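Engineer: my questions concern the predicted model and sequence given below.
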Amino acid sequence: MPLLLGHTAIGLTTQDLCSRSYSGLSRWRIAVFVAVLANLPDLDVLIGLLLRGNGHAFHRGPTHSLLFALFMGYVASRAWTLWSKIPKMSLRCCFLIIVSHVLADLLLTNSPVSFFWPLEVHWTAGYSGWGDIVNTVFQKAFHDAGLIMGCGMVILLNRLLHRYPLTRGRGLLVLHGD
């Protein structure tokens, strides 16, 4: 199950793959913005904790849907107009970063997500209070290590292929560098 760091790694990888500028990870504002977007669907955990004292009360509902990703992707892509410190990113990239969270939860966990909300709604069963959430985020973060390393490899491969594109020459693949 991807946690905060895992979703952030997937979001940074998504941003790297959809961006035309390959300096995204070197600029901290973009990295922070991507981390927020990549973890935005888990806002439902905080809402559940604040309203019911149970992080699972609303988890995997509307915030884990295509509609939420599209709406919040639009809002995020326009946020730079409200505050110049927010990086300017395309709707496509913001949407893909947010939906990467939903897809990771869908593919890497056993619990369903409300992907097509409002046509379907799935809620996570169980109870998780403040202590459970803090324990999960800080003490179980090592579970994301393999996911983080895999994302790092994808980013590295993407950057290498961008710098040294493969082309065909006389039946052979040829690397072209700068």
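Structural biologist: Looks like it came in fine.
Engineer: so the residue lying closest to residue 19 once chain neighbours are set aside, which state does it fall into?
Structural biologist: Of all residues not flanking residue 19 in the chain, residue 93 sits nearest, at 6.4 Å (CB to CB, 6 or more residues apart in numbering). No exception for glycine: its C-beta is placed from N, CA and C like everyone else's. What DSSP: H, G, I helix; E, B strand; the rest coil gives for residue 93 is helix.
Engineer: residues contacting residue 47?
Structural biologist: 57, 58 (CB atoms under 8 Å, 6 or more residues apart in numbering).
Engineer: separation between it and residue 59?
Structural biologist: Shown here: residue 47 relative to residue 59, a distance of 9 Å by CB to CB, to the nearest Å.
Engineer: ok, residue 135 next?
Structural biologist: 16 Å.
Engineer: the two - which one has more neighbours?
Structural biologist: Counted by other CB atoms under 10 Å, residue 135 and residue 59 do not tie: residue 59 has more neighbours, with 24 against 12.
Engineer: circling back: OK, contacts around the residue nearest to residue 19?
Structural biologist: Counting by CB under 8 Å, 6+ apart, residue 93 touches 14, 15, 18, 19, 77.
Engineer: helices along the chain, start to end?
Structural biologist: Using DSSP state H, the helices of the chain run over residues 4-18, 28-39, 43-52, 66-78, 91-108, 130-139, 145-163.
Engineer: for residue 119, which of those helices is the nearest?
Structural biologist: helix 66-78 (9.6 Å; CB to CB).
Engineer: ok, residues contacting the closest one?
Structural biologist: Under CB under 8 Å, 6+ apart, the answer for helix 66-78 is 33, 37, 40-41, 62, 89-99, 102, 115-118.
Engineer: mind checking which of the residues you listed are buried?
Structural biologist: 33, 37, 40-41, 89, 93-99, 102, 115, 117 (16 or more other CB atoms under 10 Å).
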